[in-house]
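Colleague: need coordinates for the below:
(4 chains)
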4 protein chains.
Amino acid sequence: MDSVDTRVRVRYAETDQMGVVYHANFLIWMEVGRVEYWRAAGLRYRDMEKDDGILLVVAEVNCRYLSPAVYDEEVIIRTSIAEASPRLIRFEYELLAAEGGRRLATGYTKHVFCGTDRRPTKVPRKYYAKLGIGAPAT
Amino acid sequence: MDSVDTRVRVRYAETDQMGVVYHANFLIWMEVGRVEYWRAAGLRYRDMEKDDGILLVVAEVNCRYLSPAVYDEEVIIRTSIAEASPRLIRFEYELLAAEGGRRLATGYTKHVFCGTDRRPTKVPRKYYAKLGIGAPAT
Amino acid sequence: MDSVDTRVRVRYAETDQMGVVYHANFLIWMEVGRVEYWRAAGLRYRDMEKDDGILLVVAEVNCRYLSPAVYDEEVIIRTSIAEASPRLIRFEYELLAAEGGRRLATGYTKHVFCGTDRRPTKVPRKYYAKLGIGAPAT
Amino acid sequence: MDSVDTRVRVRYAETDQMGVVYHANFLIWMEVGRVEYWRAAGLRYRDMEKDDGILLVVAEVNCRYLSPAVYDEEVIIRTSIAEASPRLIRFEYELLAAEGGRRLATGYTKHVFCGTDRRPTKVPRKYYAKLGIGAPAT
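Modeller: Below is the predicted model of the structure:
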């Protein structure tokens, strides 16, 4: 699957006294982006957690800030999967202003599939195709 | 027990573009205040939740804002128990600037003791004295 | 104007270890609701702040929690103006689960119109009709 | 100056439904760490922003998560400056459980000194020594 676009509108709560969005909120938007990526792939992150007892534990985050996001503007979170194996998944993100298309940030998050005991595990096989796992390297 | 004072320093993340603390953060500080009240009473909220399976579910919050809190200042959260029964507890709060003593806000939170199934229950008897429950009405 | 409905989807970041939405986030949703109320009335809160130098300073918040909101569910924020004068405005909110219509919470917020110096002021006359100010009491 | 240790206690608000601290909060703790680094160096971040009109704009963040932080535990934020020039500064962080010393995360943040117009600028010379800028490369 290609990238999936999700939109959020900047909340007042997300700004700080510099008059722009506080940087940690970009990570929350990335989370919104990957949940919607999941949904677009026909999956529901909530169900994977609840029904299959699989947690997507965050192992690393990175974000480069290019232009500030301001209150009340709409932000596009462009999410794609850069790498996926039965044990790990890496999402990439591009954040854009919906109006004008200004690039706000780029980043990635790495996750480990874990059981409810938070120990690394393999994601069930039924998820392979939808997450692009195991596509033959050509 | 009388009121218990706890101090927090305003984080940049807690400000908004008005240049002051975003109002919802006062509720988080109230939470910090009541956890420290708990600790001062010789209790640990974490243990009650973990060991006794008792959750303190928030039923109502109220906050009146008197003066804005600003970045990097220290805030005193003065917490007391206004009412307590085996089923309910009501905390009251006064928030003050540590420097100068300016009153920032007053408020209260009402809580229902619940089991891990989130159904109302009675708090175990061992908590009575420390929470001031069951003091004879005179 | 009648009430305005806005929808938000619960973010993972908004949950806490009780497995439901942390209570302070309801206040952030109320903010989302009133900004969209503003927009539905043909106003833009951002412009009022930027162009007219009018801040809507929060004076009081109240929220009663009726049923927990859970991760990934859609929440309807039903917002209306309960009172409005040139100096003050009071919003009322009802929060509902989009699916099934379960009532999650009710609440209100009181605001004072202030200048950029945070001193109380009167909202410009051009806002009266849209905010329902000055409608003759009948 | 060597690294500076700051302590925070995990707030209920900072946990998520996995029962551990939501990952974006580590970035907020890093902010707490660098403000206290500033203070330990005899500087006050607030004053630099207010008096000198210098903003420390975040250009990049990175965090690797090693072990989850849990509710009510105390976390040590060990902050140091890895690089500093009149235009840029890079902080490094190590997050540790105060009890037992378990490593929770490591990370860094890069910042650009900007004027109040958010354009890159040079930090005033009076900050050089305290931030370790301009130490001769040997």
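Colleague: against chain D, how distant is the residue nearest to the spatial centre of chain A?
Modeller: Taking CA atoms, centre = their mean, the centroid of chain A lies closest to A:Arg34, which sits 3.1 Å from it. Going from A:Arg34 to chain D by CB to the nearest CB, to the nearest Å gives 12 Å. From N, CA and C alone the C-beta is placed, and that goes for glycine too.
Colleague: which secondary structure element contains that residue?
Modeller: Here A:Arg34, judged by DSSP states H and E, is contained in helix A:25-40.
Colleague: that helix near chain C anywhere?
Modeller: Yes: on the criterion CB under 8 Å from any CB of the partner chain, helix A:25-40 is in touch with chain C at A:Ile28, A:Glu31, A:Val32, A:Val35.
Colleague: which of the residues you listed lies closest to C:Thr109?
Modeller: A:Ile28 (22.9 Å; CB to CB).
Colleague: so where's chain A shaky on pLDDT?
Modeller: Residue ranges of chain A with pLDDT under 70: A:135-138.
Colleague: what does it have sitting close to chain D?
Modeller: Residues of chain A lying close to chain D by CB under 8 Å from any CB are A:18, A:20, A:23-25, A:27-28, A:31, A:55, A:57-65, A:68, A:118.
Colleague: show me the helices in chain A, by range?
Modeller: In chain A, the helices defined using DSSP state H lie at A:25-40, A:45-51, A:128-131.
Colleague: list the helices and strands the second one packs on?
Modeller: With contacts defined as 3 or more CB pairs under 8 Å, 6 or more residues apart in numbering or on different chains; DSSP states H and E, the secondary structure elements packing on helix A:45-51 are helix A:25-40, strand A:55-65.
Colleague: over to the longest one?
Modeller: Judged by 3+ CB pairs under 8 Å, 6+ apart, helix A:25-40 is in contact with strand A:4-9, helix A:45-51, strand A:55-65, strand A:74-84, strand A:88-97, strand A:103-114.
Colleague: 7 Å instead?
Modeller: When contacts are defined as 3 or more CB pairs under 7 Å, 6 or more residues apart in numbering or on different chains; DSSP states H and E, helix A:25-40 sits against strand A:4-9, strand A:55-65, strand A:74-84, strand A:88-97, strand A:103-114.
Colleague: mind putting those in TSV, mean neighbour count included?
Modeller: Output for the helices and strands packed on helix A:25-40, formatted as TSV (neighbours: other CB atoms under 10 Å in any protein chain shown):
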stretch	mean neighbour count
strand A:4-9	18
strand A:55-65	21
strand A:74-84	19
strand A:88-97	20
strand A:103-114	20
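Colleague: tell me which of those strands lies nearest to C:Val75.
Modeller: Checking those against C:Val75 by CB to CB gives strand A:4-9 as the closest, at 14.9 Å.
Colleague: if I look at A:Met69, how far off is chain B?
Modeller: Wrong residue type there; residue A:69 is Ala, not Met. Remark: distance between A:Ala69 and chain B (CB to the nearest CB) = 12 Å.
Colleague: count of residues packed around that residue?
Modeller: 25 (other CB atoms under 10 Å in any protein chain shown).
Colleague: what's near enough to touch it?
Modeller: A:Val10, A:Val20, A:Val21, A:Val75, A:Leu104 (CB atoms under 7 Å, 6 or more residues apart in numbering or on different chains).
Colleague: quick one: which of those residues is nearest C:Arg46?
Modeller: Nearest to C:Arg46 among the contacts of A:Ala69, counting by CB to CB, is A:Val10 at 9.5 Å.
Colleague: I'd say the closest one and A:Glu73 touch.
Modeller: Yes: taking contacts as CB atoms under 7 Å, A:Val10 lies within contact range of A:Glu73: 5.4 Å.
Colleague: residues near A:Arg119, how many?
Modeller: Counted by other CB under 10 Å, the residues lying close to A:Arg119 total 10.
Colleague: from D:Met18, how far out is it?
Modeller: 13 Å (CB to CB, to the nearest Å).
Colleague: residues touching A:Glu83, list them.
Modeller: Counted by CB under 7 Å, 6+ apart, A:Glu83 has contacts A:Ile89, A:Arg90.
Colleague: for beta bridges, what are the partners of it?
Modeller: A:Arg90 (DSSP bridges).
Colleague: turn the helices and strands packed on helix A:45-51 into a markdown table, columns for distance to A:Ala129.
Modeller: Formatted as a markdown table, those follow (distance: least, CB to CB, whole Å):
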| stretch | distance to A:Ala129 |
| --- | --- |
| helix A:25-40 | 14 |
| strand A:55-65 | 18 |
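Colleague: residues contacting the spatially closest residue to the residue nearest to the centre of chain A that is not a sequence neighbour?
Modeller: Among residues not flanking A:Arg34 along the chain, A:Phe91 sits closest, at 5.1 Å (CB to CB, 6 or more residues apart in numbering or on different chains). Shown in contact with A:Phe91 (CB under 7 Å, 6+ apart): A:Arg34, A:Thr79, A:Ile81, A:Ala82, A:Tyr108, A:Thr109.
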